[in-house]
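**Q** Could you work out the structure for the sequence below:
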Amino acid sequence: MGEHEYGYITITPPARSVAVLTPAEQAVLNLIRAGHSNQEIAAARQVSVYTVGNQVAALLKKLGAANRCELVSLVVEATHSVPVSA
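**A** Residues are numbered from 1 along each chain as shown. Okay, the predicted model is just below:
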């Protein structure tokens, strides 16, 4: 099983390779999770829409997701499966 670092969350999708997200990819993933479009993400991060598109494509490939909805689903799933310390 691969594990993916997402801020303070570890994403462990089944049967996917190990990949670490760059800080830029983490930021883009946070903004996707918040429901922002590529254009909004580009404006917020002060980069081109083309750059954001490349970062989204890298996220899809690294996490083995088919689309943005699946990316968010992986993050939500990982967030809810993190064990809580007593």
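**Q** What number of neighbouring residues does residue 22 come out with?
**A** 12 (other Cβ atoms under 10 Å). All C-beta atoms are positioned from the backbone trio N, CA, C, and that covers glycine.
**Q** meant to ask about residue 57, not that
**A** Neighbour tally, residue 57, other Cβ under 10 Å: 10.
**Q** Could you pull up phi and psi at it?
**A** Main-chain torsions, residue 57, degrees, to the nearest 10: phi -60, psi -40.
**Q** going forward, begin numbering at 600 instead of 1
**A** Fine by me, first position is 600 from now on; the one you just mentioned is residue 656.
**Q** And it, how close does it get to residue 664?
**A** From residue 656 over to residue 664 the distance is 11 Å, taken as Cβ to Cβ, to the nearest Å.
**Q** buried sites along stretch 637-645?
**A** Using 16 or more other Cβ atoms under 10 Å as the test for burial, stretch 637-645 gives 637, 640, 641, 644.
**Q** mind listing which of those residues are in helices?
**A** 637, 640, 641, 644 (DSSP state H).
**Q** Many thanks, have a good one.
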